[in-house]
Every structure is written in structure tokens, then in C-alpha cells.
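A.B. asks: Provided below are the primary sequence and the corresponding predicted coordinates.
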Amino acid sequence: PKEIFLKDYKLPDYYFETVDLSFALGEEKTLVNSKITVSPRVEGSSSPLVLDGHDLKLLSIKINGNGLKDAHYQVDSRHLTILSPPSGAFTLEILTEIYPHKNTSLEGLYKSTGNFCTQCEAEGFRNITFFQDRPDIMAKYTCRIEADKLLYPVLLSNGNLLEQGELEGGKHFALWEDPFKKPCYLFALVAGQLESRDDTFVTRSGRNVQLRIWTPAEDLSKTAHAMYSLKAAMKWDEDVFGLEYDLDLFNIVAVPDFNMGAMENKSLNIFNSKLVLASPETASDADYDAILGVIGHEYFHNWTGNRVTCRDWFQLSLKEGLTVFRDQEFSSDLGSRPVKRIDDVSRLRNYQFPQDAGPMAHPVRPHSYIKMDNFYTGVREGLFSSFLGAEVVRMYKTLLGSEGFRKGMDLYFKRHDGQAVTCEDFFAAMRDANGVDFANFLLWYSQAGTPIVKVASSYNAEAKTFSLKFSQEVPPTPGQPIKEPMFIPVALGMLNSSGKDLPLTSVFHDGMLQSIASNGEPVYSTVLRVTKKEEEFIFSDITEKPVPSLFRGYSAPIRLEADLSDDDLFFLLAHDSDEFNRWEAGQLLARNLMLTLVADFQQNKPLVLNPKFVQGLKSILIDSSLDKEFIAKAITLPGEGEIMDMMKVADPDAVHAVRSFIRKQLASELRAELLNTVKNNRSSEAYEFNHPNMARRALKNIALAYLASLQDEESATLALNEYKSATNMTDQFAALAAIAQNPGKTREEVLADFYNKWQDNFLVVNKWFALQARADIPGNVENVRNLLNHPAFDLRNPNKVYALIGGFAGSPVNFHAKDGSGYKFLGEIVVQLDKINPQVASRMVSAFSRWRRYDETRQSLAKAQLEMIVSANGLSENVFEIASKSLA
Ligand code: HT7
Ligand code: ZN
């Protein structure tokens, strides 16, 4: 397979001005006619025009209306080359034949439960017709769709509907025109039996926009929350960024077979049904939250991605990092900011950091790739995007403040609307709009690996100064053995002995005393710019020895090693005015505790839980002044993956045993408080999607999970009652999960009951698959193997694969079973799946990529599976890239 390098980027030799597509959709084959107006970049040049095309059947080519003779072009399974095109502008017309009903890769044009739909990002358009399939080819499109009227009554594409009508033979057609230039990855077509929920949004300039969410008729009642989310996103983008929707129609279509979460095609977003359909009975609070975030995300792409797009796929973070940042801010503004930040940082730590420390480590802007799809990393229940890229955007905002950031955004749109640009262009807009020096900030795009920042502090009581010494190191990553120091924004405050923020007035740095006061008034939090390998900041007028609260709100994506004692951390947990750092202090304490107990476990020492830790969590649990969802997060222990990531040799058995021990011990010592928490947070009122209600459910359900870990009669009865009396999916599923922790008859009965209740709802059945797949009950691999043959399972549906196989691959105990049964199972499935859907298979093979982190026995078992995969016949580029880089 061919590796593609950023340094090899060249401007295209030809631009496309207009593209007129015409589809004749059929059951056995589809005809695609594409008429393109082409102009050379350099007047008079007639270099060969190379078009991408993947396994397409070429029927004819015309230039300026005349058929092209065989000698004037070459075609193979990947390209069509027009050897000597006319000099000057010309029209190119190509007719191809494709077979959407056979397309199981779900890239290009395919069928999902009888309907036609498309997925073109990153390089799926080349599965539809021959084209320069690269994002810097921006053109205006029309799309004519012709199909059987009974089978496909709804025909949709991007832009405005120009014309529709009847045709002979029971057929009909629709003609769509998109007035905006776009790259081909934003092209979309949908045809099928769908109905719509309709609404309107009046923009701030007073235009009416028609909103339509399309699903099969039986699902329409479950689209209210998606519509609410869309309208909220449209309003938010106007309020926060001054960005208004630019067409009169916005369509969303939900499809059950989709590789990722959703796709931001211009005015025709296509979504995985999982991220559209919700009712209180069938969707959990987490689903409701995800729908809000992803509907927002795809909508926000209209400006950050569509109006201003990427020059090439190396710049993916230009649109994904920025749009993820925007959706994070949107969800924060509509819910709880600290809780959202906690969720986002946890995700970064559990998924992104382990990847950045492994063989697949790459900078925010990679230097090379084999298959671009593999760089859509960072999992958000099906949405793949750049979470580290979002952190980079967040740092601009931390450095510039809200107003400065907005100025930068305004300049970015002013300069680049309608263009395909680079990460440097975004950087330059932020810099120029604010006239600031960003030093070596661009390194965040090019240097891989998570920086480790060490902080040593000291107080001088006589001089009333407080010194913070920073040192930073970026670990080596594949291809980048030596690293430069990064530009790290450090948001911080200092707590006095009663837990209040101390006033900050000035800081001595680089031989100069700088004021940090604002309009002559002291501040209580400030942002330092750490840019060197070692650097000291000395704060003056610090009247007592403070406890520093560092990296407030997680102001940079780094690993912090600060000289804070456990007492300092307990103090921050109890008092920090920055709620994120309160949570962080608790997590640090828990991490240290877990690592100590893991060492004890490995040395066969008895496990003993530090009473101060129990006390610290108890005071959070019973503090009625705190947000309930914050309490739920604060009493949740760090994930097993996060702890393994901090060990020299990851030991899944020890980490699992220790985490289970702490949970059980906490449950036993805080039993009365946990029981009260469950009782006091029940509600008989109808389900509502709002923060207070979701927070109440989150707290009740975590308390229930803790209690169920006790495995006693009373807790078992409590969980069963909660299951039976639940009136919404959040509570019902949480009770089911609590019960399913413990093997036995009740577990089997309740799992069977749940399936019987929900067997007709494929999204709920996926929850049922996932719960069983990730169970840590011994020997679970056999259960998962059996579930492959369950009538509701289908290897061709990505959601089912993610639930069952992905769920299993994420379970530390059974996937890493010492006898290798988990690895063998996944290895076999990857090879099978690769023949059906390479994108999904490569997501599954990623579970092996950190095999070197484990003990020798596990290493050799996992390696054997990777070797088997790499040598499999007809392996896709997707899986090859991940498996071979993992072995390298
Ligand atoms: N921009 C979209 C990414 C996406 C995608 C990428 C590769 C292959 C298939 C895909 N489906 C969707 C979605 C997003 O950023 O939300
Ligand atoms: Zn995106």
C-alpha cells in the first residue's frame, strides 16, 4: 500500500468549476453520469488529468461532447487518466455503472434497510464516479436523481430543490442545486421510503429556514429531541459566533447502517439512527446528551468545515478540532460546564493519551498516512473526531479570552470563506486579529506525544513570594525521537488556608516584574505562558503559604506531575473554586491509591483502603451544596485503562481486582449514605431532559451500582426493584447494569426479561449486547461467541459490531484473558469483518495496538494474532495500516 506524505502536497493541475451529476437508481445497478467543467490551473497547460475511481465500471467518456478514443485515456482499478486534455477550459462527461446493493463497506453510495444513501468523507466519492477526490477541488453541484416512485418516494440531495416530476414506467425524478461551492466529500444523496418531522427556524436576519428530519414512518415520534437540538444549535451559533444558516432548507436523515456517528454534508446531514432517535423509554440520558452534541457538531460544520474547508486531509483538525471545540462549548452552555469538561478530559485520557503513547501516535496534523479513515480517532459513541485538536483550539481561547478568540474567528471567516485552507491559516487569523506573539504554539500541530509537565513550588514567608518552577518533556514517539519544548498555557489560582482564592497582583518572570492585575484590581486566577524546557515564575504579595490550583479547567492537554502532597489534594478536593480541579484532585488521590494497591496486590499483600480517602469521598457524597452530577463524577474511580496506562507493565488482572476491591469497600463503608442517595433521588415525575433531572438520575444510579457491588441480598433486591419500577431507559438500564455485575440466576433472568421487552428496538438491543460484551464475569468470551449467532446480531451492521465486538475488546478482563482466548476471538473476527467493512474492521484491530504494554505471555499471544491478520489474504489498506504499524 502507498503512503501519502504532507510534504508532497501539490496544487491540482486542474480545477473543476461545475459538476452536474445524474443518477439512475436501480435494484441491480445504478448509472451515474457526471458532467464537469474543467479549467487548467495554469493557462495553456495540458498535462494528464488523473481522476480517482475505485472499482468503477466505465461506460463512456466525452470531452466537449465528443467520445474519447481508447488511445486517449487509461483506466485501472484505482484511476482514470486522460492523457492529453485540451488546453484551456473544457467539459468532461463520464458515465459509470455502480452496484450500491453489493456495497457493504458503507463508503460511497450504498443501501441501508432498502433506502439509498451516501457517505463520501474522507474518500468515498471515488466509489461513485471518477473524480479528483481531494478537498481542495471545490465546485458548484447539481444533482438529478431518477428512481422508482413507489420504492423511493423521497429523493434528496444538497441545496435547493429546483424541479421534480413524474417519468414513464412508474419512475420519478428530482433535480437539486447547491449554490455553494463544496468539495466532493460533502456531496450527499438519499432516496427511499422516509417521512419527515418538519419545523422552521427564523434566523436573526429574519429568514425562514425549513427544517426536516427524515426517518422511516415508525420512528418519526422519536425525533423531537433531535429537532430541539438542531434549533438550539442554530440559535447558539448565531448568539456566540454570529454565524447564521445560509440556505432555506436543512435536512437530516437517520439511517441504521452507518460507519461513524454522522456526516455534515451540505444541507443534507446523514446520521447514524443512534444519534437521532430518542424517547424517554428507549434512550438514556447519555444518548440524549450525545444527540444534542452531535446534532450541534454536524450543524456547526456548516461554517467550520463546509464554508471554510481543508486544503488536504492532513488538515483534518482544522475542521474537526474546531468543530469538536464548538460542540463542547455548546453542550457546556446548555448543560453543566464543569461536568462537560470532566467528561471530555476523561475521554481524552482514556482514549487519546493511550494512543499517543503507542505505535499509532501521530501529531494533531499527521505527516503521512496510508488510509485517511484511520485518522478519525477518539471515540464518542460512534462519532470520530479530533479531541486533541479541540484542546488546541481551546488553548487559543484560554490565551486570548472569549473576545480575542471571537475576533480571531471573525477574521478567519472574513479571510477564508469559500476556500480550502490549512491549520497555519487558522493560526494566522488568531494571531493577526489579536496582534499577539504565539511563539512556538504551532508545535502543537506537528509534534506528537503528551507533554509531561513537572511543577515544584516553594514559599518564602519573609519576602511573601511564591515560586513555581516548571519543567517539561515530550516523550519520543515513532519517527520523532527528539522533541522541542511546547507553548503551554497554565491557568492557575492559589488557595489560602481557609480555602479561598488569594488575590494575585504581579509575577516575576524572565528578569521582569509583570503586573497581572486587571484595571488595577487583583485577579484570583491567571494564565501563565510556559514556553521553555525549564522556567520559573515568582508571585509577589502572597500573604500566606498557598496551595496552588494548577491547570484550572485543564488548560493544556498535558500530564501533570506536581509536588502536591495528599493533604494538599484533599484540601483542593474540599475547597477549590475551580470545580474541574476539585474533581481532578479526587482523581489524583484515587489514581495514587489505586497504583499503590496494585503494587500490594502484585506482591500478595493484603489490600487496605486509606480511611482518609473514604472520608474525602463521603464529604463530597453528602454535600448538598454540590451539583449532583458533579458528585456522581467525583465519586467515580478512574477507569482501568487510565490506570494501566500509568503502569510500566500493564496488569489488567491486578488493576481490575483493585478497582473492584475499592468499589466494594467504599460501598460497604458508605452503605447508609449510598442507600439514602438512592432513596432521596428517585422521582415519579415524567422524564425531562434537563440538567437537574439528569444529575439526579446520575447520582442515584452510581449509588445503586456501588451498592450492587456488595453482592448481598438487600442490594440485590434494591436493584431488582429499581429495575422493575423504572419508567425511563436511564433508570432501567442502570439497574440492569447494576444487576448484571454479579453472575447468577437473577442476572440471567433479568437479561432475558430486558431482551424480551425490547427485541423490536434495535438500538435498545445494542445496549443489551454491549452490556454483556464488556462484562467482567469469568470466561465471558464464550458468551460473546455465542451472541455472534444470536438472531439480532449482524456483522454487516456497524452499530452491532461496535456494541458486541467493540464492547468486548474494551473489557480489560476478558479481552486480555491470560489464555489468549480474547485475542484469538478478536483476531478471527477482524479477518472476517475486513472482507465486509474495512473501516469497521480497522477500528476493531486497534484494540491490539498497545500489545507491548502487557506482560510477555500476553505480548506473544497478541503479536501472533497481529501477524496472522497482516498475512491474511486480500487484507484492506485500513486494517493493514493499523496492524502493521502496531507490529513495527
Ligand atoms: N466529518 C465526519 C467524519 C465521518 C467520516 C470519516 C471517515 C469515514 C466515514 C465517516 N463518516 C463521518 C463526521 C463528523 O466529524 O462528525
Ligand atoms: Zn466533525
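C.D. replies: That came in fine, so what should we check first? Ligands and ions are numbered 1, 2, ... in the order given.

A.B. asks: end to end, how far does stretch 266-281 reach?
C.D. replies: 32 Å (C-alpha to C-alpha, to the nearest Å).

A.B. asks: who does Asn95 bridge with?
C.D. replies: One thing to correct before we go on: residue 95 is Leu, not Asn. Beta bridges link Leu95 to Asn33, Ser60 when assigned by DSSP bridges.

A.B. asks: next, count neighbours for the closest residue to Leu513 other than its chain neighbours.
C.D. replies: Excluding its sequence neighbours, the residue lying closest to Leu513 (C-beta to C-beta, 6 or more residues apart in numbering) is Ser506, at 5.6 Å. C-beta here means a position set from N, CA and C on the backbone, and glycine is covered the same way. If you count neighbours by other C-beta atoms under 10 Å, Ser506 ends up with 15.

A.B. asks: for Pro489, see how far away Ser506 is.
C.D. replies: Distance check for Ser506 against Pro489: by C-beta to C-beta, to the nearest Å, it reads 19 Å.

A.B. asks: could you do Val678 as well?
C.D. replies: Counting by C-beta to C-beta, the gap from Val678 to Pro489 is 41 Å.

A.B. asks: same deal with His225?
C.D. replies: Counting by C-beta to C-beta, the gap from His225 to Pro489 is 36 Å.

A.B. asks: also Gly242?
C.D. replies: 25 Å.

A.B. asks: and the two? Which one has more around it.
C.D. replies: Between Gly242 and Pro489, Pro489 has the larger neighbour count (other C-beta under 10 Å), namely 20 against 12.

A.B. asks: which residues does the more buried one form beta bridges with?
C.D. replies: Counting by DSSP bridges, the residues bridging with Pro489 are Arg529.

A.B. asks: likewise for Ile213?
C.D. replies: Bridge pairing for Ile213 - DSSP bridges - gives Arg197, Ile252.

A.B. asks: and this structure, which residues reach ligand 1?
C.D. replies: Contacts of the chain with ligand 1, taken as C-beta under 6 Å from any ligand atom, map to 119, 121-122, 259-264, 297-298, 320, 373, 376, 383, 385, 839.

A.B. asks: got a list of what Leu875 touches?
C.D. replies: Neighbouring residues of Leu875 by C-beta atoms under 8 Å, 6 or more residues apart in numbering: 834, 869, 883.

A.B. asks: secondary structure class for it?
C.D. replies: Taking DSSP: H, G, I helix; E, B strand; the rest coil as the rule, one finds Leu875 in the coil state.

A.B. asks: tell me how far it lies from Ala847.
C.D. replies: Leu875 sits 17 Å away from Ala847, going by C-beta to C-beta.

A.B. asks: where along the stretch 601-750 of the chain do the strands fall?
C.D. replies: With DSSP state E, counting those that start in this stretch as the criterion, the stretch 601-750 of the chain has no strands.

A.B. asks: low pLDDT regions in it?
C.D. replies: Low-confidence segments of the stretch 601-750 of the chain (pLDDT under 70): none present.

A.B. asks: I'd like to know how many residues surround Tyr412.
C.D. replies: 24.

A.B. asks: pretty sure it contacts Ala429?
C.D. replies: Yes. If you go by C-beta atoms under 8 Å, Tyr412 and Ala429 touch, sitting 3.8 Å apart.

A.B. asks: quick one: residues contacting whatever residue of the stretch 1-150 of the chain ends up closest to ligand 2.
C.D. replies: Ligand 2 sits closest to Glu121 of the stretch 1-150 of the chain, with a gap of 8.8 Å, by C-beta to the ion. Counting by C-beta under 8 Å, 6+ apart, Glu121 touches 185-186, 263.

A.B. asks: doesn't it belong to a strand?
C.D. replies: No. Secondary structure assignment (three-state DSSP) places Glu121 in coil, not in a strand.

A.B. asks: helices and strands around the biggest helix by length in the chain, which ones?
C.D. replies: Ranked by number of residues, the top helix in the chain under DSSP state H is helix 387-416. For helix 387-416, the contact count by 3 or more C-beta pairs under 8 Å, 6 or more residues apart in numbering; DSSP states H and E identifies helix 316-334, helix 337-347, helix 423-434, helix 443-446, strand 488-495, strand 526-530 as packing neighbours.

A.B. asks: residues contacting stretch 632-639, please?
C.D. replies: Applying C-beta under 8 Å, 6+ apart, the contact partners of stretch 632-639 are 339, 342-343, 346, 350, 573, 582-583, 586-587, 590-591, 594, 617, 620-621, 626, 659, 662-663, 666, 695, 698-699, 701-702, 706.

A.B. asks: please list only the buried members of these.
C.D. replies: Using 16 or more other C-beta atoms under 10 Å as the burial test, the contacts of stretch 632-639 include 339, 342-343, 346, 350, 573, 582-583, 586-587, 590, 594, 617, 620-621, 626, 659, 662-663, 666, 695, 698-699, 701-702, 706 as buried.

A.B. asks: just the ones in helices from the residues you listed, please.
C.D. replies: 339, 342-343, 346, 573, 582-583, 586-587, 590, 594, 617, 620-621, 659, 662-663, 666, 695, 698-699, 701-702, 706.

A.B. asks: and the strands in the stretch 1-150 of the chain?
C.D. replies: Under the criterion DSSP E, counting those that start in this stretch, the stretch 1-150 of the chain contains strands at 4-5, 14-24, 30-40, 49-52, 57-63, 66-67, 73-75, 79-82, 90-98, 108-112, 115-119, 139-148.

A.B. asks: most packed of those strands?
C.D. replies: Mean neighbour count (mean count of other C-beta atoms under 10 Å) peaks for strand 115-119 among the strands of the stretch 1-150 of the chain, with a mean of 24.

A.B. asks: what segments of the stretch 101-250 of the chain are helices?
C.D. replies: Shown for the stretch 101-250 of the chain, the helices assigned by DSSP state H, counting those that start in this stretch span residues 224-241.

A.B. asks: and the stretch 601-750 of the chain, by the same measure?
C.D. replies: 611-621, 628-634, 640-645, 652-669, 671-680, 691-708, 713-725, 729-740, 745-758.

A.B. asks: figure out which of the ones you listed is closest to Gln193.
C.D. replies: helix 745-758 (24.0 Å; C-beta to C-beta).

A.B. asks: compute the inter-axis angle for the closest one and helix 729-740.
C.D. replies: Using axes from the mean of the first three to the mean of the last three C-alpha atoms, to 10 degrees, the inter-axis angle of helix 745-758 relative to helix 729-740 is 150 degrees.

A.B. asks: pull out the buried residues from helix 745-758.
C.D. replies: For helix 745-758, by 16+ other C-beta under 10 Å, it's 746-747, 750-751, 754-755, 758.

A.B. asks: hmm, who's touching the helix or strand following that helix?
C.D. replies: The C-terminal neighbour of helix 745-758 among helices and strands, as given by DSSP states H and E, is helix 762-773. For helix 762-773, contacts defined as C-beta under 8 Å, 6+ apart pick out 256, 273-274, 277, 282-284, 729, 733, 736-737, 740, 751, 754-755, 758-759, 780, 783-784, 787, 790, 792-793, 799-800, 802-808, 811.
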